[in-house]
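Trainee: Provided below are the primary sequence and the corresponding predicted coordinates.
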Amino acid sequence: MTEQADSATTPTGGAGHAVVIGGGLAGVTAALGLADAGVRVSLLEGRPRLGGLAFSFRRGDLTVDNGQHVYLRCCTAYQQFLHRIDAAHLAPVQDRLDVPVLDADTWRLGRLRRTQAPVPLHLAGGLATYPHLSLRERASVARAALALRRLDPADPALDRRDFGSWLREQGQSPRTVAALWDLVGVATLNARADDSSLALAAKVFKTGLLTEPGAADIGWAHVPLGELHDTLARRALDKAGVTTRLRARVSAVEAAGGGWRVRTEDGVLDADTVVLAVAQQEAHPLLPAGALDHPERLTALGTSPILNVHVVYDRKVLRRPFFAALGSPVQWVFDRTAPSGLTGPGQYLAVSQSAVGEEIDAPVSTLRARYLPELERLLPAARGAGIRDFFVTRERTATFDPAPGGRRLRPGNTTRAPGLYLAGAWTDTGWPATMEGAVRSGSDAARAALANLGRTGAHLFHFQEAA
């Protein structure tokens, strides 16, 4: 059922025909949910692949992910998505949370670990032996965690506050913020505590650390992301009967005779339902007049970049699958040797850098001069190792900006235009810009569309919202 845009036929009319615009996680989820309920679905993607901002590409003999993506056990919707496309076995979750954290100044290695004890005692043992905080700082973390449990992430007042000032009110030292709260928060929110909405931070930490013992166990793809989000996702769409058109860039969405007309460079599709599942900046010019009360809010919702530095060494320099760093420009380092297909001696490391600010535009030579010495400082085995390859991937608009006050800028899945729905991690899911938020938005859009069509709700995901 997959067809290229330049050879696509043009479906027209017909009850229950839906057009999903955008082939990222949100769009694929919405398309599967609609198709599983018996709706005829056309999925349009402007790129030559599916997967949105979680994709792979070829560089010589390597298969490279544009960035390192992980998820947590509490990300139930994304796990359901993996099961739906028959990919769960390719992106397993670790048996128990265990994050090596290396201090670049002292070379001390600590670990953020959990036990099977009930919440919040499951983290007590790991915190008690975490060497990067003093005894007093560890005690202050416990008090802050108890205060965090009392917060309601849905409270609009929390979204108007920043996480950093709240942490200081709870007696968190700058070292505690750096060694714990920002260590997790920067990777999940793509912003530091002072720049993050308290509501979104509370959502991340309450859901991941304070709901059930295993909620924060980490999962990641052991194969290239493209195998999951493009190859296997496309196979699932084909089996569901979805017509997938790649390189099909949409130029307009217009109301037509009680339905919708979607214009692409090579044709027109008529539909009863349209799900707009592209980035907010792309969605804004496609919105028909009157679809949202305040469409300008989509462009007011800012973006935040993510940088990935890729280094291929001529020998093995890291024994662990990943680690996080303190006291260094380096944030998180992952071993990507096996998924990339690297053969022969050597090791491929990916350095994932969130909330990088102006560094996103730094020349490769500048980044090489900055990060190679840092990796040598963190990894003694890298000293003197040959560099087989060094390159950089940049996502300048990787996520929406999780700044305080942003929730009022995030629309829901429904619009004022009957039959037109929105999906994307930037919609008001209550989650930050994660794969989990994207999948939830796609499932919610499908449910809303099916309700409007008089069909039973989407049965794709039956995830439980964490308390």
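Mentor: Thanks, I have it. Numbers count the residues shown, from 1 in each chain.
Trainee: all contacts plus neighbour counts: C-alpha atoms, from now on.
Mentor: Will do.
Trainee: where does pLDDT dip in the stretch 51-200 of the chain?
Mentor: Counting by pLDDT under 70, the stretch 51-200 of the chain has no low-confidence residues at all.
Trainee: tell me the pLDDT of T2.
Mentor: pLDDT recorded at T2 is 39.
Trainee: show me the contacts for R440.
Mentor: The contact partners of R440, by C-alpha atoms under 8 Å, 6 or more residues apart in numbering, come to A26, A77, Y78, T429.
Trainee: ok, which pair from those is furthest apart?
Mentor: Y78 and T429 (13.6 Å; C-alpha to C-alpha).
Trainee: of those two, which one has the most company?
Mentor: Of the pair Y78 and T429, Y78 is the one with more neighbours under other C-alpha atoms under 10 Å, namely 25 against 22.
Trainee: by contact count, what packs against the longest strand anywhere in the chain?
Mentor: When the chain is parsed with DSSP state E, its longest strand is strand 387-400. Counting contacts by 3 or more C-alpha pairs under 8 Å, 6 or more residues apart in numbering; DSSP states H and E, strand 387-400 is packed against strand 303-313, helix 364-378.
Trainee: report the angle between the first one and helix 364-378.
Mentor: Taking axes from the mean of the first three to the mean of the last three C-alpha atoms, to 10 degrees, one finds strand 303-313 and helix 364-378 inclined to each other by 70 degrees.
Trainee: so how far is G125 from the residue nearest to G357 when sequence neighbours are not counted?
Mentor: Among residues not flanking G357 along the chain, P305 sits closest, at 6.9 Å (C-alpha to C-alpha, 6 or more residues apart in numbering). Applying C-alpha to C-alpha, to the nearest Å, the value for P305 to G125 is 35 Å.
Trainee: which of the two has more neighbours?
Mentor: Taking other C-alpha under 10 Å, P305 and G125 do not tie; P305 has more neighbours (23 against 14).
Trainee: tell me the pLDDT of that one.
Mentor: Reading off the model, P305 has pLDDT 97.
Trainee: check the one 3 residues further on too.
Mentor: Note on N308: pLDDT of 98.
Trainee: how about it, what does it touch?
Mentor: N308 is in contact with N66, G67, Q68, A350, V351, S352, Q353, V392, T393, R394, counting by C-alpha under 8 Å, 6+ apart.
Trainee: for G424, same thing?
Mentor: A26, G27, A277, V278, A279, Q280, G437, A438, V439, S441, G442.
Trainee: of those residues, which belong to helices?
Mentor: A26, G27, Q280, G437, A438, V439, S441, G442 (DSSP state H).
Trainee: which residue, neighbours along the chain excluded, lies closest to the third one?
Mentor: In space, Q280 comes closest to L298 once its chain neighbours are excluded; the distance is 5.6 Å by C-alpha to C-alpha, 6+ apart.
Trainee: just the buried positions in the host helix or strand of the one you found, please.
Mentor: Assigned by DSSP states H and E, L298 belongs to helix 296-300. Under the neighbour-count criterion of 16 or more other C-alpha atoms under 10 Å, helix 296-300 has R297, L298 buried.
Trainee: same question, stretch 374-388
Mentor: Neighbour-count burial for stretch 374-388, counted by 16+ other C-alpha under 10 Å, picks out E374, L375, R377, L378, L379, A382, A385, I387.
Trainee: would you format these as CSV with distance to A325 and pLDDT included?
Mentor: CSV is the format used below for the buried residues of stretch 374-388 (distance: C-alpha to C-alpha, whole Å; pLDDT from 0 to 100):
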residue, distance to A325, pLDDT
E374, 10, 97
L375, 10, 98
R377, 11, 96
L378, 8, 97
L379, 11, 97
A382, 15, 98
A385, 20, 98
I387, 21, 98
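Trainee: got TSV for those, with distance to A144 too?
Mentor: TSV is the format used below for the buried residues of stretch 374-388 (distance: C-alpha to C-alpha, whole Å):
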residue	distance to A144
E374	32
L375	33
R377	33
L378	30
L379	33
A382	38
A385	43
I387	44
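Trainee: can you tell me which helices and strands the helix or strand hosting W260 packs against?
Mentor: Using DSSP H and E, W260 maps to strand 259-264. Packing partners of strand 259-264 (3+ C-alpha pairs under 8 Å, 6+ apart): strand 250-256, strand 267-271, strand 273-276.
Trainee: partner strands of the first one and their direction?
Mentor: Partners of strand 250-256 in the sheet, by DSSP bridges, are strand 259-264 (antiparallel).
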